[in-house]
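S.K.: just need the structure, nothing else, for what follows:
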Amino acid sequence: MPNHRAWTLLAMMCLLVTTAPTIGRAADLQKYSFMVFSNPVEGKTRDYERWYRGQHIHDILQLEGFVAAQFYQLADIQTRSAPPKYRYLMIWEIETSNLNAVFDRMRKGMDDGSIVMSPAFDNSPAASVFQAVSRRVTSQEVRGKSPDQVFKMTLLQSK
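M.R.: Okay, the predicted model is just below:
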């Protein structure tokens, strides 16, 4: 029987699309950042962190298309006084020419149990999809430039 709870979780996760040039790369691989905002079940933080940083990273990075992962914890200082809903963020880096196939492999792994889900994972993550509209620029690149020059330098390169 399919693990619908796990697939619902996957469908509610965040996806940030980055369109870096792929010159000379087979099948024009696109780069994506798959962002998952989540919390542990109350009283299960230690189990959650151990599962996420161990078992889950292990399982997901076995899938074709997933190339890297990094786990984040909410910083003590925030820009707003109201506490954010989520305390943790996982960013999965994906490189693929077929994002649907990557997510099909992930769904299959959740359904067949080869991707182990933890009862310490609170199954109420954030849901958003983002697509990059600029390239990344650094403070060093911006220094001494006009706003128009900065705008031009943020334009995405076409293939």
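S.K.: alpha carbons only for contacts and neighbour counts from here, please
M.R.: OK.
S.K.: for the chain, list the residue farthest from the centre, please.
M.R.: G144 (33.2 Å; Cα atoms, centre = their mean).
S.K.: helices or strands up against the lengthiest helix in the chain?
M.R.: Ranked by residue count, the top helix of the chain under DSSP state H comes out as helix 99-112. Secondary structure elements in contact with helix 99-112, counted by 3 or more Cα pairs under 8 Å, 6 or more residues apart in numbering; DSSP states H and E, are helix 4-11.
S.K.: could you pull out the helices for the chain?
M.R.: Using DSSP H, helices in the chain cover 4-11, 45-50, 57-60, 99-112, 139-142, 147-153.
S.K.: all strands for the chain, in order.
M.R.: Secondary structure of the chain by DSSP state E: the strands cover 14-18, 30-38, 66-73, 88-96, 129-131.
S.K.: let's test this: mean pLDDT of the shortest one, rounded?
M.R.: Throughout strand 129-131, pLDDT has a mean value of 48.
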